[in-house]
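Participant: Next input, structure requested:
(one chain, ligands or ions: 1)
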Amino acid sequence: MTTTNVTAVTPTVLPIKPQGQAGDSLVSATENVKPAPIAEIVVPQAASITVANAASQVNLSVLEEKSREFKTLIEEINYLGSLSSLANWDNDVFIPDKGTDYRGQQMSYLASKIHTIKTSDQMGELLKFLKEDSNFNRLGKEDKALVKKIFKIYEKAKKIPLSFVEEEAELTSKANSVWKAARKAKNFNDFAPTLEKIVAMKRKYADLIGYEGSPYNALLDHYEPGLTTDKVDRIFEGVKQKLIPFIRKINQVRKDVDYPFMHRTFDHKKQLDLSKDILELMGFDFTRGRIDEPTHPFCTTLGPDDVRLVTRIHDNDFYSGISSSMHEGGHGLYEQGMPPDLFNVNFEGASMGIHESQSRLYENFIGKGKSFWKYYFPKLQERFPEQLHDVTLDEFYKAINQIKSSMIRIESDEATYNLHIILRYEIERDLIEGRLEVKDIPQVWNKKMEEYLGITPKDDAEGALQDVHWAAGLFGYFPTYTIGNLYSAQIYNQAKKEIPDLESKIEAGNLKPLRKWLGEKVHSIAWTETPDEIIQRVTKEALNPDYFTKYIENKFSEIYPLA
Ligand code: ZN
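Facilitator: Below you'll find the model as predicted:
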């Protein structure tokens, strides 16, 4: 997913939606964080707020007028936000090297314009009016959600002085090159003084915004509204207790098997055509979107009928292209599934975790599942006979589903990936809570790697310096990757219950029922609800990590029979 762009980096200059992430699971560490594709835009429709019951004609018309004025402001933000996304997309996809400085100025201009509108007196007065009980109670459900959401954003933005926003933007912009140099030199100490400043800024941000319990909650809430350290601690502890011993057991029986066909040379253009074919099968509408593949994978929405996917293709690692295309395609389907009349209330989307659940569902439950490949593997062989004629479906399935502890998060498998995330979460939580000092990060990092994954980085480049997130100021972001994985398992489990013979349909190459079900349950409505409400409504229970851990245990016990 997700992608990071300039606006995404600074919580105070709120992207229209939580943006991309820095670091999709697939984003390479050397790249910019591109946050999840949370599309950041939203295009405004000429909206009129739905008013439930009119008490008096006079009041109603005032309410209508104020509502229209409010929506016009949001439209303005959405136009600017979508133009900023377009500038950012072009910055990643097509811009010539020397064009980036001016582009940075354009994006910074748009970000400050958006901030100014969000924190304007006009916005404040309209929100005050619409939040009054007598007015609020007469709004429709979606408009109520919109007013609540914007009020929260407004309140936060008002607490952050513009000087803080600028200072943070400058610090994280410089931090990126310091981090790159430190990573190249494999020396964490070169990055530590800068990271100390970023941690101090994040703590200050939490103080300015205000929080209950841990200051880290203020950062978490930015990406996953309602999530707290208490909840994450409890969920992640449960995941660790299941996954760590399971991975250890697998490591005891696992033999290093080489699958050389995975690294044969696959024609670049043919790989891109393959990705398009799979995306069409998934239901991605290319009349309302496109795919490119310049740098790191992400998805961004530039308008109601304009969803851009960016994938990553390597000539000697063909599965990586399939996987990143299906991941971004999952984000893209969510974006394309948003009904046009919801664009106006799409301010900020639901959460990074919910968005990520859709990409992970397609990337893992379909793209790493046996059912899909029973159908698609023969087609893959037809496309690449030279490279795959001597490979069986079973070999291919095992090759794409190896469990192997890796130093590098973005290269890790479905099971170990989450331990990478938990490690990062624990470190950043402790930094923000003041229980860990920056200088001690490498030591703690290496100790946890040994404890969770049984391996120790040989240097800081493959240890604490591998991700760009901290340099980009994205504290609070990492946990949403694992939360997204947990959501995806729970949602997919529900899909199997509600769609008769889902796996058989996938085996027959029919992905439409899944798309339809997700469209009805998630894509069309999961924009104005909170993540907790979405999970509860779709799966009829609160977030339950057992669906994910059971899925991992069942799937990989079959691949690696345990004695
Ligand atoms: Zn993603």
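Participant: Stretch 353-360 close to the ion?
Facilitator: Yes. Using CB under 5 Å from the ion, stretch 353-360 reaches the ion at residue 359. Bear in mind the C-beta positions are built from the backbone N, C-alpha and C, glycine included.
Participant: With just CA atoms, put that stretch into PDB.
Facilitator: Coordinates of each C-alpha in stretch 353-360 appear next as PDB, following Å, rounded to 0.1, in the frame of the first residue of the first chain:
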ATOM      1  CA  GLY A 353      -6.000  -0.800   8.700                       C
ATOM      2  CA  ILE A 354      -9.400  -1.200   6.900                       C
ATOM      3  CA  HIS A 355      -7.800  -0.100   3.600                       C
ATOM      4  CA  GLU A 356      -5.000  -2.500   4.100                       C
ATOM      5  CA  SER A 357      -7.400  -5.300   4.900                       C
ATOM      6  CA  GLN A 358      -8.600  -5.100   1.300                       C
ATOM      7  CA  SER A 359      -5.200  -5.200  -0.300                       C
ATOM      8  CA  ARG A 360      -4.000  -8.100   2.000                       C
END
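Participant: List the buried residues in stretch 156-174.
Facilitator: Within stretch 156-174, the residues that qualify as buried are 156-157, 160, 164-165, 168-169, 171-173, counting by 16 or more other CB atoms under 10 Å.
Participant: quick one: which of these sit in helices?
Facilitator: Among those, the members found in helices (DSSP state H) are 156-157, 164-165, 168-169, 171-173.
Participant: how close does the closest residue to residue 372 other than its chain neighbours get to the ion?
Facilitator: Spatial nearest neighbour of residue 372, excluding adjacent residues (CB to CB, 6 or more residues apart in numbering): residue 366 at 4.9 Å. Applying CB to the ion, to the nearest Å, the value for residue 366 to the ion is 15 Å.
Participant: Isn't residue 366 up against residue 506?
Facilitator: Yes. If you go by CB atoms under 8 Å, residue 366 and residue 506 touch, sitting 6.8 Å apart.
Participant: Common neighbours of these two, please.
Facilitator: Listed as contacting both residue 366 and residue 506 by CB atoms under 8 Å, 6 or more residues apart in numbering are 372, 514.
Participant: can you map out the helices along the stretch 251-400 of the chain?
Facilitator: Ranges of helices within the stretch 251-400 of the chain are 268-282, 318-336, 352-360, 370-383, 385-388, 393-400, based on DSSP state H, counting those that start in this stretch.
Participant: which other residues reach stretch 515-531?
Facilitator: 141-142, 145-146, 149, 224-227, 282-283, 333-334, 336-339, 342, 345-346, 349-351, 353-354, 358, 361, 483, 487, 491, 494-495, 498-499, 534, 537-538.
Participant: Of the ones in helices among the buried residues of stretch 156-174, which are in range of the ion?
Facilitator: Of these, not one also sits near the ion (CB under 5 Å from the ion).
Participant: I'd like a version of these in CSV, one that adds pLDDT as further columns.
Facilitator: Below are those laid out as CSV (pLDDT from 0 to 100):
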residue, pLDDT
156, 89
157, 88
164, 89
165, 81
168, 86
169, 80
171, 88
172, 85
173, 78
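Participant: now these as TSV including distance to residue 99?
Facilitator: Putting those into TSV (distance: CB to CB, whole Å) gives the following:
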residue	distance to residue 99
156	33
157	30
164	29
165	25
168	25
169	20
171	24
172	21
173	17
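Participant: can you tell me which two in those are farthest apart?
Facilitator: Pairwise distances across these peak at 21.7 Å for 156 and 173 (criterion: CB to CB).
Participant: Can you report how many residues neighbour residue 280?
Facilitator: 13 (other CB atoms under 10 Å).
Participant: ok, residue 126 to residue 436 distance?
Facilitator: As judged by CB to CB, to the nearest Å, residue 126 and residue 436 stand 43 Å apart.
Participant: When these two are compared, which one has more neighbours?
Facilitator: residue 126 (22 against 18).
Participant: what helix or strand is that one on?
Facilitator: helix 121-131 (DSSP states H and E).
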